[in-house]
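A.B. asks: need a 3D model of the sequence below.
(chains A, B, C and D)
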Protein chains: 2
Amino acid sequence: MTKKNIIKNLSTDCVIFGFDQAQLKVLLIKLAVEPGKGLWALPGSNILIDEDLDTAAKRVLAELTGIEDLYMEQLYAFGNAKRFPLFRVITVAYFALVKIENYDTKPGPKVFETKWYPINHLPKLAFDHKEIIQSAKKRLKEKVRIKPIGFELLPQKFTLTQLQVLYESILEIKLDTRNFRRKILSLKMLIDLNERQKDVAHRAAKLYKFDKRKYNKLKAKGFNFEI
Amino acid sequence: MTKKNIIKNLSTDCVIFGFDQAQLKVLLIKLAVEPGKGLWALPGSNILIDEDLDTAAKRVLAELTGIEDLYMEQLYAFGNAKRFPLFRVITVAYFALVKIENYDTKPGPKVFETKWYPINHLPKLAFDHKEIIQSAKKRLKEKVRIKPIGFELLPQKFTLTQLQVLYESILEIKLDTRNFRRKILSLKMLIDLNERQKDVAHRAAKLYKFDKRKYNKLKAKGFNFEI
DNA sequence: GCAAAAGTGTTTCCGCTACACCCATGA
DNA sequence: TCATGGGTGTAGCGGAAACACTTTTGC
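C.D. replies: Got it, this is the predicted structure:
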C-alpha cells in the first residue's frame, strides 16, 4: 500500500491491557523513528482511505500481537491541535483486553521492542499517550463494574483468588474475600471444573472457567458489580 | 477562512438535546446543499487544521444556537468507510444538553431551517445520523443514572413533577412519584425557592433550583440513581 | 508442626419497592 | 363543587457490608 492511501491527519492508537498474575499491564512499543524516537508509545497506525475505523484498530492489533479474537472497544478521540509535533493528527483511541499468555511478541518495522509495563510504573511516553492510558484505565475501572469484561484478561482456567486479585488491581481497592466469592458465584457464570491447581506450596485452589452462554447474556445485559 | 485550512476527512457532528415540557427533543437542520440536500441532519462542521477537536464542536454549537455555556461531551467517532457518499469522512460526534427556552434559532448558510424534533418522531435523516442519534440517546440514558446531568435540560426554576417527567422521558419508564421525590430530595441538591407556579388551573407546585455546590460535587463524584 | 493460602456463615443495616389517599387551587 | 394535578408515609424485602476462624497441603 502506498502513502497516498492513508488519511494523513488521522490515526488510531490502542491501549492493550493484560494481567500478569498480580498486576495490570499495558503493552507498549519503543519507537525506532522520529518523531518520538527512543520513547515508548502506544501501538498505533494510520487509517486507510477506504478502511472502516474499527477495522483499522483491529488491524493494528493483529499486526502487533497476532491476536484476532479479543475484547475491544473505542475509547475516545483525542484531538488537541498540538498533540502531534510534526503536523495535525487526531487519534481515535481504542482499548483492548487480552490474555497475556496468548500474546506472542513480534515488534514490527519502526519499532525497537515491545514490552508489558505495569500500569502504575509507566516509562516516559511519547505525545499525549500518558493521557490516553489514564483515560483507558478510568474507562476500564468503570466498565468492569457493569460488564463482566474483566474475565477477558484471565487464562481459560483460573481460581477465585486470581479473579479477586484482578478486580482489586483494576479497581485499586481491597475486597472482602467472602463477599466477593458470594457475589461472583451468585452470578452463576462460572463452571467448577473439579480440578485443582498443581505444584503450589499450600492448599491447592479449585479451578473455574466461564459458562459462555451465561457470560454472553451478562455481557449484553450488564450487571451490577457494586463491590 | 479558506478551504485549505480545514481537515478534509474529518468532521464533528452534535446531537443537541432539549426538553420541551413533556418531550425529549433533538435539534436538526435541513440541508440546503448537496450531498443530502433537503434531508434533515445533525449540525456539524469541518475541523480547522489548527483547532482543538473540542473547540470545533463548541464552535458549531455556538454558531447554530448562540449558546456557549452548556453541558457537552464527546460521544463517539463514527468511521465507516462509506458513511459519507462523496469522499471519506470520519466524524467525531458530541452530544449537548441545552435549556430549550434559551435557544434562539438562527439557521446559518447552507441550511434551510432548524427545528426541534421529538426523539421518537425523527424525520428521514442524512448519512448515518440516525445511528448517531440513537447512540446519543443510549448514552444519555446511561449517563443520567450516574450523573445529575439531566438537570441541564430544565429551566432555572422547575417543579418536581417537571423533573420526574424529564427522567421518565429519558429513561422511557414510569416512575413512582413518592419514591422519586424521596430519592431526589435525599440528594440534598435542590433548594426550595418558597415560590410557586403561577397561572395553573390546579394546585400550584413548589419551585426549586439547584444548589450549585452540591450539584458540582455530585457531578464530579457521580451518584446512583437506581430508579 | 508450621507456613501459606483456600474456603466458609451469620448478623446488621440501608436503600429500594410497592402501594392509596387527602390537599390546594382555579374554573 | 368538581376537575386537575400536588403532595405525602409506611412496611417489607433483599442485597451489601462487616467480620474471624477452620481446612488443606507441601515442606
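A.B. asks: what are the phi and psi angles of residue A:91?
C.D. replies: phi -120, psi 140 (degrees, to the nearest 10).
A.B. asks: need the pLDDT of it.
C.D. replies: Here the pLDDT value assigned to residue A:91 is 98.
A.B. asks: just list whatever residues bridge to the nearest residue to it once chain neighbours are set aside.
C.D. replies: Here the nearest residue to residue A:91 in space, its sequence neighbours aside, is residue A:11; by Cβ to Cβ, 6 or more residues apart in numbering or on different chains that works out to 4.5 Å. The way it works is simple: take the backbone N, C-alpha and C, and place the C-beta from them, glycine included. Beta-bridge partners recorded for residue A:11 (DSSP bridges): residue A:46, residue A:91.
A.B. asks: may I ask you to name the longest helix in chain A?
C.D. replies: As assigned by DSSP state H, the longest helix anywhere in chain A is helix A:129-143.
A.B. asks: tell me which residues of that one are tucked away?
C.D. replies: Neighbour counts over helix A:129-143 (16 or more other Cβ atoms under 10 Å in any protein chain shown) mark A:129, A:132, A:133, A:135, A:136, A:137, A:139, A:140, A:143 as buried.
A.B. asks: and what of stretch A:192-203?
C.D. replies: residue A:197.
A.B. asks: and stretch A:61-76, by the same measure?
C.D. replies: Buried, per 16+ other Cβ under 10 Å, within stretch A:61-76: A:61, A:64, A:65, A:67, A:70, A:71, A:72, A:74, A:75, A:76.
A.B. asks: one more: stretch A:179-191?
C.D. replies: Under 16+ other Cβ under 10 Å, the buried positions of stretch A:179-191 are A:180, A:183, A:184, A:189, A:190.
A.B. asks: ok, the residue lying closest to the last one once chain neighbours are set aside - contacts?
C.D. replies: Here the nearest residue to residue A:190 in space, its sequence neighbours aside, is residue A:208; by Cβ to Cβ, 6+ apart that works out to 4.3 Å. The contact partners of residue A:208, by Cβ atoms under 8 Å, 6 or more residues apart in numbering or on different chains, come to A:157, A:158, A:159, A:160, A:163, A:190, A:191, A:192, A:193.
A.B. asks: how close does residue A:208 get to DNA strand C?
C.D. replies: Applying Cβ to the nearest atom of the strand, to the nearest Å, the value for residue A:208 to DNA strand C is 9 Å.
A.B. asks: with residue A:83 instead?
C.D. replies: 40 Å.
A.B. asks: where does chain A dip in pLDDT?
C.D. replies: Low-confidence segments of chain A (pLDDT under 70): A:1-4, A:227.
A.B. asks: so where do the strands sit in it?
C.D. replies: Counting by DSSP state E, the segments of chain A that form strands are A:6-20, A:23-31, A:40-41, A:44-48, A:71-78, A:90-97, A:111-118, A:190-196, A:206-210.
A.B. asks: just those: most buried one?
C.D. replies: Stretch with highest mean neighbour count among the strands of chain A: strand A:90-97 (a mean of 25; mean count of other Cβ atoms under 10 Å in any protein chain shown).
A.B. asks: so how far is that strand from its chain's centroid?
C.D. replies: 10 Å (Cα atoms, centre = their mean, to the nearest Å).
A.B. asks: ditto for stretch A:164-177
C.D. replies: 17 Å.
A.B. asks: and that stretch with chain B, contact?
C.D. replies: No - Stretch A:164-177 does not reach chain B (Cβ under 8 Å from any Cβ of the partner chain); its nearest approach is 14.4 Å.
A.B. asks: what does that stretch contact?
C.D. replies: By Cβ under 8 Å, 6+ apart, stretch A:164-177 touches A:19, A:21-24, A:140-141, A:144-145, A:150, A:153-154, A:180-181, A:227.
A.B. asks: one more pass at 7 Å, please.
C.D. replies: A:19, A:22, A:23, A:24, A:140, A:141, A:144, A:150, A:153, A:154, A:180, A:227 (Cβ atoms under 7 Å, 6 or more residues apart in numbering or on different chains).
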